[in-house]
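Novice: need a 3D model of the following:
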Amino acid sequence: MSDDGRLTNSALQKNERDNIALRPQLLQDIIGQDRVRENLKIMIDAAKTRKEPLDHVLFYGPPGLGKTSLAHVIANEMGAKIHVTAGPSIERSGDLAAILTHMKQGDILFIDEVHRLGRAVEEILYPAMEDFKLDIVIGKGPAAKNVRLNLPRFTVIGATTRLSLLAGPLRDRFGARFRMDYYDQSAMEFILNRAAGLLKVTIEPQGASEIATRSRGTPRVGLRLLRRVRDYAQTRAQGVITQAVAIEALQLMEIDHLGLDEIDRRLLMTIIEKFSGGPVGLETIAAAISEDRATIMDVYEPYLLQLGFLDRTSRGRVATPLAYAHLGLRYDNPPYIKLPYSDDEEDPDIPKQEPLL
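Specialist: Next up is the predicted model:
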């Protein structure tokens, strides 16, 4: 089972174009993320008053919440050129050196998935961010020598979905760090109505509300669903997205009123039916649904945890009474005396607890 192609997967899919035309261009165009927007406005206004480049900025949080869009908004507000790259794309220190030597005064370097930079690449980035110096080694062996080049003052904007995987020294070099939160219902409705206008799609308020409710509070998911509902409306409903049309289209895509798709429900049903609701180790769940452990943790679990349908305990994952109720099942809350799962299946991120007597 793969997350590629899931409509409710908030990560940008391989065969999907980013929402470039739908991105906000200025801070005043951004809806939601009020705390982040206000802090950025203060930083940008102050930097422009001093006629200095902006301090280094780090955005972190779940995928699809607008980290890349904010980087482009900052570039537009500062009137700066933005250079876009990603952590996995910079394989060698020479790759980063080539990028840095092309930076000009006030330019912005946006690094997506910054937590995936290699250690050797990070060592080059440290002095570049702190002192605006580039240390490169010319030659090999005894004849090798270190050369330090001066760089223009520039801004690094990093984006990551896994802040804990970011090296401490690199994290500390970002002068401003902002967590991106999920969007509320009203913000999602505004985003969808704005996007519908740009896409020249007729959408009624109830239709936008229905799509927003199932968008998991994530603009990328909402825009993806909007495009699919638009296709359905154009072929079967004279091109108008009403509430009824939105419900029919989303039911056809097997996305329920909380935004859960078939894979989410299968994961919950596996825990409930095969393992009596848990606790069950992550490795066991991965084997039962033929999925990678990391994919379950990074893609499926966050939203289920947010809804309160899943609990992480020291003994494994547990389906909550809310999950039973959502799936229309009876919750018996059986007493667990011992676990048939091995210790190596426990979540390493959760400390072990002594059993209660």
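
Novice: and the pLDDT for the residue most central in space within the chain?
Specialist: In the chain, the residue lying closest to the centroid (C-alpha atoms, centre = their mean) is Pro63, at 1.1 Å. Per-residue pLDDT puts Pro63 at 82.

Novice: that one looks like it's in a helix, true?
Specialist: No: looking at Pro63 with DSSP: H, G, I helix; E, B strand; the rest coil, it is coil, so not inside a helix.

Novice: these two touch, right, it and Thr160?
Specialist: No: here Pro63 does not reach Thr160: they are 10.0 Å apart, not a contact under C-beta atoms under 8 Å. C-betas here are computed from N, CA, C, even on glycine.

Novice: and stretch 164-183, C-alpha only, in CSV?
Specialist: Extracted in CSV, the C-alpha atoms of stretch 164-183 (Å, rounded to 0.1, in the frame of the first residue of the first chain):
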residue,chain,number,x,y,z
SER,A,164,13.4,16.6,15.9
LEU,A,165,15.6,15.3,13.1
LEU,A,166,17.2,18.7,12.5
ALA,A,167,20.7,18.9,14.0
GLY,A,168,20.9,21.2,17.0
PRO,A,169,23.7,23.5,15.7
LEU,A,170,21.7,24.0,12.5
ARG,A,171,18.5,24.6,14.3
ASP,A,172,20.1,27.2,16.5
ARG,A,173,21.3,29.3,13.5
PHE,A,174,17.8,30.2,12.5
GLY,A,175,16.9,33.4,14.2
ALA,A,176,13.2,32.9,13.9
ARG,A,177,11.3,29.6,14.2
PHE,A,178,7.6,29.2,13.5
ARG,A,179,5.3,26.2,13.9
MET,A,180,2.6,25.9,11.3
ASP,A,181,-0.8,24.8,12.7
TYR,A,182,-3.8,23.3,11.0
TYR,A,183,-6.3,25.7,9.6
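
Novice: what's near enough to touch Gly308?
Specialist: Taking C-beta atoms under 8 Å, 6 or more residues apart in numbering, we find Gly308 in contact with Thr320, Leu322.

Novice: and it, how far from Val318?
Specialist: For Gly308, the distance to Val318 (C-beta to C-beta, to the nearest Å) stands at 11 Å.

Novice: for the stretch 151-300 of the chain, which segments count as helices?
Specialist: 168-172, 185-198, 205-213, 219-236, 243-252, 262-269, 282-288, 293-295 (DSSP state H, counting those that start in this stretch).

Novice: the second one: which residues count as buried?
Specialist: Buried residues in helix 185-198, counting neighbours by 16 or more other C-beta atoms under 10 Å, are found at Ala187, Met188, Glu189, Ile191, Leu192, Asn193, Ala195, Ala196.

Novice: which secondary structure elements does it sit against?
Specialist: Contact here means 3 or more C-beta pairs under 8 Å, 6 or more residues apart in numbering; DSSP states H and E; on that basis helix 185-198 packs against strand 202-203, helix 205-213, helix 219-236.
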